[in-house]
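>>> Need coordinates for the below:
(chains A, B, C and D)
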Protein chains: 4
Amino acid sequence: MNREFKDTWAIILGGSSGLGLATAHKLAAHGMNICIVHRDRKRALPELENELRCIEATGVKVLTYNKDGLLAETMAEVISSLPKHRVKVLVHSIAKGSLKPMNKNNGDTLSKTDLDITLHAMGTSWYLWTNALIEANVFTENARNIAFTSEGNSKVWSGYAAVSAAKATLEALMRAMAVELAPLGIRTNCIQAGATRTTSFDMIPGSEQLAEMAKKRNPFQKLTQPEDVANAVYLLCRDEADWINGTVLKADGGESLR
Amino acid sequence: MNREFKDTWAIILGGSSGLGLATAHKLAAHGMNICIVHRDRKRALPELENELRCIEATGVKVLTYNKDGLLAETMAEVISSLPKHRVKVLVHSIAKGSLKPMNKNNGDTLSKTDLDITLHAMGTSWYLWTNALIEANVFTENARNIAFTSEGNSKVWSGYAAVSAAKATLEALMRAMAVELAPLGIRTNCIQAGATRTTSFDMIPGSEQLAEMAKKRNPFQKLTQPEDVANAVYLLCRDEADWINGTVLKADGGESLR
Amino acid sequence: MNREFKDTWAIILGGSSGLGLATAHKLAAHGMNICIVHRDRKRALPELENELRCIEATGVKVLTYNKDGLLAETMAEVISSLPKHRVKVLVHSIAKGSLKPMNKNNGDTLSKTDLDITLHAMGTSWYLWTNALIEANVFTENARNIAFTSEGNSKVWSGYAAVSAAKATLEALMRAMAVELAPLGIRTNCIQAGATRTTSFDMIPGSEQLAEMAKKRNPFQKLTQPEDVANAVYLLCRDEADWINGTVLKADGGESLR
Amino acid sequence: MNREFKDTWAIILGGSSGLGLATAHKLAAHGMNICIVHRDRKRALPELENELRCIEATGVKVLTYNKDGLLAETMAEVISSLPKHRVKVLVHSIAKGSLKPMNKNNGDTLSKTDLDITLHAMGTSWYLWTNALIEANVFTENARNIAFTSEGNSKVWSGYAAVSAAKATLEALMRAMAVELAPLGIRTNCIQAGATRTTSFDMIPGSEQLAEMAKKRNPFQKLTQPEDVANAVYLLCRDEADWINGTVLKADGGESLR
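Prediction:
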């Protein structure tokens, strides 16, 4: 087994399903210890338990926190449990946003609270976590900071206004962190995943149709799999990616091209 | 005198100086009544008073509210004072944001509150105003919805992380409103102004140097004037701009090209 | 009648139909003399004759050249017939490109000659005309230089590879001219039109379906009309557009947003 | 030694120096055979000979052609010497372009010939090579197609107009190939390198100053090294990059962000 990331940690926010969970599997397969922060109901836990056992079977350590990762106290608790200078990568995969319309003819419209919650969960919380990790000296010398974005960063989809704004915020913060945190050795990037049938994707209004369209648009005539995105995270963690900083890496098979 | 916009109103948020005030002058010169929402200290009022008299001298009506435009109660008060179906254009020119760094070596870093305030003031408040105006039926049939953005939407400037995120949010909301509010006849666009020596520009750290650089970069070797941007607002208000919707119109002389 | 552009000329390359012809009508309505360079078969001429008579009826002068505008000799002939310092705007609306595929399974593939012809006709010829006009001192002091682009600049459409490359070239040259020719007072911009049922659009494979999709995508549920684009040209010619330089102005109703 | 790419070939156009040569070294280190097409004077050959011996020392095969890679006959000769279904990656690193200005006050301006040569060498030749390789059945089943671009794709630099247009063409063709050639299993991408002190960079007017500026702008306060870019090529060749198609991957340390 390849153990290239031995003795380092990944913190995966939203790591119990979808892109986050696939990332946990991939990084563990290359020797990284995994710390997952997630929010799940009891009935989802047995399945997750199985996944975690698979991950542990690779020989890495696994920590999980079934707590609200958006709270400062969760941040503090998680961070205090990790050794200094051992976090190789922070992966932000939190999906929690309002899908309300802007036009009242289409239903109850987005409120200030809806926007605030979405911008925080899917946008600014990435920076707040990063900042707390820096403050606690847990990042390795040449760390990675990665968040997931989508084509909705610049495209308009029905009911996606708040999430689109959050993705735009996420990417703006990515650029700023890429510049401001480079002196600390942190490489900050976003990965733009194609349409993936995750739990959060399925909550977008008309997701079934979106998935159908995505498949048709995709040059490879298939949807993005969580593993495709996890692979991109892995590539960005390798030493060869040391010079990749401040960019949006698309892992969508070319879906967004037409 | 050209009175092409007779009997319509412009609501200008942040209309007491800079781009907002220049816009007030330009639109009034073409017959539009002006409603300015601003936030100024007493000592700034005599100068503003002069400007307002100039505007009134063109024969249009002028309303001003020296109140916090970010409060729901201000919105309600302003909107209730305007006639139904007469607001031709909403112009968002609010500049209120945190200029803190992300890297603690450069000082006190951006907090959640800093980000929340900035994203609201310079981002989501635009949509909230728009929504309130729609709810109150004050927009004309073929209205304009315009906000000011800057090259900082995609470029990283020192201390500009929060504002950059807010500009990115503003533009994402612009795209969503352009699609979702088109059925109501509203055309939504942003204008990307070049570096302009406004009060808010001068508060950016190193603004003097930024202005010097901007002048040198600009193909015309000069800075953007508030009037240049007001001219772009005027163009977007004309009937010939009916098909311009959902775009970022640069009014920067080409400054952002190199 | 509004004669704001009295005594100035527009040169419209590809001005006998579609966007070019609509532009001729609009600028003539504001007093500009019109010089059209076009390439038409005999049977198309009677209809064009009618259009030209309409334009002349506004009181402006009209010159037409039914010649290959891509030849240096046509350039020389056209330019020599125009007075010095009177060309307010050059409009490039030439559509002549290969629509072959890249994948041999889809038919005869793009050759070097196909690419060369398309890049010249829809790309570099714009700069070559501009350069010749400068050399001959026919531009006014504060001139406009405008070319039409499309969403195909960045989107992949079937059979559109060569034209897409030409649009990308056109926009790159636009940016370079905006900077390099600013000292001569020339403002250079592109207008990105939405899908318009012009003769050249109808030659794109599957254009019927593209038009149907465009209509559905468009926030206003209708296609772009040539007049919509002509209106944008007019706006860019006004004095208020003096500070708009080096940008792509979309006139598509928001069609490209989703 | 890692031999992950055993029995496959890389064709590197412009592989005798700079980014191309660094790529040859990196891919050879992972077991790929190397075919270099280059254009060098006699006096440069001894140094190249040393480099090639280093590459061969890794145990891979090396073929070199000191011929004009832009000629169809060179293409035919090179391709005929390679085994069927063994070319894992085509790397386009040809730099040959005109650096003339557009404004006659700055010297002899760009001619049609200058533009044609540049667009061919740095743009369309990539597609023509790709097409010839497909025709000859030399690509592996899951091949890579990579070209180098630069920030000059969208930024205006003095004397860079023709090259900028070529880079824009290159990227448009990249997007089209990514879609049209996906059914053949080919993944097509560009890598946007930061400013690198290569021979061709040093020929840009004011390159010394550009390099100084780039270093200052770069978040890591250093220039891009050819090895940084070669690393990105390597990442794109790995299996984990199977889903990366049709994108511009920046390998610039974040230099283009401000």
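
>>> that's a helix at residue A:35, yeah?
No: with DSSP: H, G, I helix; E, B strand; the rest coil as the criterion, residue A:35 is assigned strand and is not in a helix.

>>> Tell me where chain A has strands.
A:9-13, A:33-38, A:62-66, A:87-92, A:139-150, A:187-193, A:248-251 (DSSP state E).

>>> Indicate which one of those strands is closest to residue B:11.
Closest of the strands of chain A to residue B:11 is strand A:139-150, at 33.5 Å (criterion: CB to CB). (C-beta placed from N, C-alpha, C; glycine too.)

>>> now for that closest one, which elements pack on it?
Of the remaining helices and strands, those touching strand A:139-150 by 3 or more CB pairs under 8 Å, 6 or more residues apart in numbering or on different chains; DSSP states H and E are strand A:87-92, helix A:125-135, helix A:161-180, strand A:187-193, helix A:226-237.

>>> Can you confirm whether the longest one lies near chain B?
What it means is helix A:161-180. Yes: shown here: helix A:161-180 in contact with chain B (CB under 8 Å from any CB of the partner chain) through A:161, A:164-165, A:167-169, A:171-173, A:175-180.

>>> Stretch A:182-191 now?
Yes: shown here: stretch A:182-191 in contact with chain B (CB under 8 Å from any CB) through A:183, A:184.

>>> Kindly check the end-to-end length of that stretch for me.
18 Å (CA to CA, to the nearest Å).

>>> ok, and what's touching it?
A:130, A:134, A:139-149, A:170-171, A:174, A:177-178, A:181, A:229, A:232-233, A:236, A:241-242, A:244-251, B:103, B:105, D:219-220, D:253-254 (CB atoms under 8 Å, 6 or more residues apart in numbering or on different chains).

>>> Just the buried ones from the residues you listed, in PyMOL syntax?
A single PyMOL command is used to select the members of those judged buried by 16 or more other CB atoms under 10 Å in any protein chain shown:
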select buried, (chain A and resi 130+134+139+140+143+144+145+146+147+148+149+170+171+174+177+178+181+229+232+233+236+241+242+244+245+246+247+248+249+250+251) or (chain B and resi 103) or (chain D and resi 219+220+253+254)
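
>>> Name all residues that make contact with the residue nearest in space to the middle of chain A.
In chain A, the C-alpha nearest the mean C-alpha coordinate belongs to residue A:93, at 2.2 Å (CA atoms, centre = their mean). By CB under 8 Å, 6+ apart, residue A:93 lies in contact with A:12, A:13, A:14, A:15, A:18, A:19, A:20, A:23, A:147, A:148.

>>> Just the buried ones out of those residues, please.
A:12, A:13, A:14, A:15, A:18, A:19, A:20, A:23, A:147, A:148.

>>> Which residue is the nearest non-sequential neighbour of the fourth one?
What that stands for is residue A:15. Distances taken as CB to CB, 6 or more residues apart in numbering or on different chains place residue A:36 nearest to residue A:15, at 3.6 Å, with adjacent residues excluded.

>>> quick one: contacts for the one you found?
When contacts are counted by CB under 8 Å, 6+ apart, residue A:36 touches A:12, A:15, A:16, A:20, A:21, A:24, A:52, A:62, A:63, A:64, A:65.

>>> surely residue A:141 meets residue A:84?
No: applying CB atoms under 8 Å, one finds residue A:141 not in contact with residue A:84, separated by 11.6 Å.

>>> From residue D:229, how far out is residue A:182?
Relative to residue D:229, residue A:182 is positioned 18 Å away (CB to CB, to the nearest Å).

>>> got it, and residue A:91?
Taken as CB to CB, the span from residue A:91 to residue D:229 is 26 Å.

>>> Next to chain D, which bits of the stretch 101-250 of chain A? Give me the list.
Counting by CB under 8 Å from any CB, the stretch 101-250 of chain A sits next to chain D at A:175, A:178-180, A:182-183, A:194, A:219-220, A:224-225, A:228-229, A:231-232, A:234-235, A:238-247, A:249-250.

>>> pull the CA atoms of stretch A:11-27 into CSV?
The C-alpha coordinates for stretch A:11-27 follow below in CSV (Å, rounded to 0.1, in the frame of the first residue of the first chain):
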residue,chain,number,x,y,z
ILE,A,11,-10.1,17.4,8.1
ILE,A,12,-13.2,16.9,6.0
LEU,A,13,-16.2,19.1,6.7
GLY,A,14,-19.2,17.3,5.4
GLY,A,15,-17.3,14.1,5.1
SER,A,16,-20.1,11.5,5.8
SER,A,17,-21.4,11.3,2.3
GLY,A,18,-21.0,12.4,-1.3
LEU,A,19,-17.8,14.2,-2.4
GLY,A,20,-16.5,14.4,1.2
LEU,A,21,-16.8,10.7,1.9
ALA,A,22,-15.3,9.7,-1.4
THR,A,23,-12.4,12.0,-0.5
ALA,A,24,-12.0,10.3,2.8
HIS,A,25,-11.6,6.9,1.1
LYS,A,26,-9.1,8.2,-1.5
LEU,A,27,-6.9,10.0,1.0
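
>>> With pLDDT and distance to residue B:74 as added columns, please give the contacts of residue A:93 in TSV.
Below are those laid out as TSV (pLDDT from 0 to 100; distance: CB to CB, whole Å):
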residue	pLDDT	distance to residue B:74
A:12	98	43
A:13	98	37
A:14	96	37
A:15	95	43
A:18	96	42
A:19	97	42
A:20	98	41
A:23	98	45
A:147	98	35
A:148	98	37
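
>>> Reformat those as TSV; add distance to residue D:77.
Listed next are the contacts of residue A:93 as TSV, based on distance: CB to CB, whole Å:
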residue	distance to residue D:77
A:12	51
A:13	55
A:14	54
A:15	53
A:18	50
A:19	47
A:20	51
A:23	46
A:147	48
A:148	46
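
>>> from these, which single one is nearest residue B:204?
So of the contacts of residue A:93, ranked by how close each gets to residue B:204 (CB to CB), first place is residue A:147, at 26.1 Å.

>>> Assess the claim that that closest one and residue A:126 are in contact.
Yes: Residue A:147 is within contact range of residue A:126, at 5.0 Å (criterion: CB under 8 Å).

>>> Mind listing the shared neighbours of those two?
A:92, A:170, A:174.

>>> close enough to count as contact, the second one and residue A:150?
Okay, so that is residue A:170. No: contact between residue A:170 and residue A:150 fails when scored by CB under 8 Å: they sit 10.0 Å apart.

>>> Read off the pLDDT value for the residue nearest to residue A:15.
Here, the pLDDT recorded for residue A:36 equals 98.

>>> So the residue nearest to residue A:100 when sequence neighbours are not counted versus residue D:247, what's the distance?
Nearest in space to residue A:100, with sequence neighbours left out and distances taken as CB to CB, 6+ apart, is residue A:110 at 4.7 Å. The gap separating residue A:110 from residue D:247 is 31 Å, by CB to CB.
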